[in-house]
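Colleague: Just need the structure, nothing else, for what follows:
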Amino acid sequence: MTPVPGRFLLLGSGEFEPWSGEAERFALDGASGDGSVAVLATASGREGDAVYARWTGMGLAHYESLGIAARVVPVRNRVDALDPAMTGLIDGVSMVFFSGGSPKYLAETLSGTPVWDAVLRLIDRGGVFAGCSAGAMIAGAGGMRFPFASGRGLLPATAVGVHWDALSAWWIRWLRDLAPRWLPPSVRFIGIAENTAIASDADAWRVFGTGEVDVRLGRDRRAFDQGERFPR
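Modeller: Predicted coordinates for the structure are as follows:
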């Protein structure tokens, strides 16, 4: 795989919980910016005030427990994402973190907006794009079929699956078998288990957490556990 510019942290589930601290410190090590994190709970923006407030509150409390400065970027809908004033809350930070919710809503809300432009600038200058569940899926290749259609192309040759070991959910059992087969042969699939993350460095992904990462390209399929690395 050709290395993709930028730094990434992608979680299968379990954002803002103690287990992810090691992965976040790894991702932030050497990142450009002031060392702080911008938290965006946009993917839950249409789920009501209580749900949105819970995610933003969890994010701030989590980073406070790690001794990492954090701020909320209050983007709940496309009107917010089109507001140029929001970009000032992203410019200068070291990591932008998108928590979970609806990947389709998140992608449609952000695409072609000043907020998304600020995210692209952050990646270009060596900051970290981080996301959990829906936030991770939007990093994947663009132009794919369901369930990868929310990808915005940050990783142009990789599709991202999340909650990949939640086999009690019928849709995950179905997706594990069928969905990766729908991808073009040139697109790699990465399925990230719950409470599991992958973080990129110069030339590899490193696995964190308790679960497994399922990596497929064509007929090749491999699994990676905590501490193991695989090419970007």
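
Colleague: in this protein, which segments are predicted with low confidence?
Modeller: Scanning the chain for pLDDT under 70 picks out 1-5, 167-171.

Colleague: how about the helices of it, start to end?
Modeller: Along the chain, counting by DSSP state H, helices occupy 21-28, 49-66, 78-81, 103-110, 114-124, 134-137, 170-178.

Colleague: Switch those helices over to JSON lines; also include distance to Arg232 and mean neighbour count.
Modeller: Any C-beta I mention is one placed from the backbone N, CA and C, and that applies to glycine too. Listed next are those as JSON lines, based on distance: least, Cβ to Cβ, whole Å; neighbours: other Cβ atoms under 10 Å:
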{"stretch": "helix 21-28", "distance to Arg232": "13", "mean neighbour count": "20"}
{"stretch": "helix 49-66", "distance to Arg232": "25", "mean neighbour count": "16"}
{"stretch": "helix 78-81", "distance to Arg232": "28", "mean neighbour count": "18"}
{"stretch": "helix 103-110", "distance to Arg232": "22", "mean neighbour count": "21"}
{"stretch": "helix 114-124", "distance to Arg232": "14", "mean neighbour count": "18"}
{"stretch": "helix 134-137", "distance to Arg232": "15", "mean neighbour count": "26"}
{"stretch": "helix 170-178", "distance to Arg232": "23", "mean neighbour count": "13"}
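
Colleague: Those helices into JSON lines, with extra columns for distance to Phe189?
Modeller: Putting the helices of the chain into JSON lines (distance: least, Cβ to Cβ, whole Å) gives the following:
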{"stretch": "helix 21-28", "distance to Phe189": "21"}
{"stretch": "helix 49-66", "distance to Phe189": "27"}
{"stretch": "helix 78-81", "distance to Phe189": "28"}
{"stretch": "helix 103-110", "distance to Phe189": "15"}
{"stretch": "helix 114-124", "distance to Phe189": "22"}
{"stretch": "helix 134-137", "distance to Phe189": "12"}
{"stretch": "helix 170-178", "distance to Phe189": "10"}
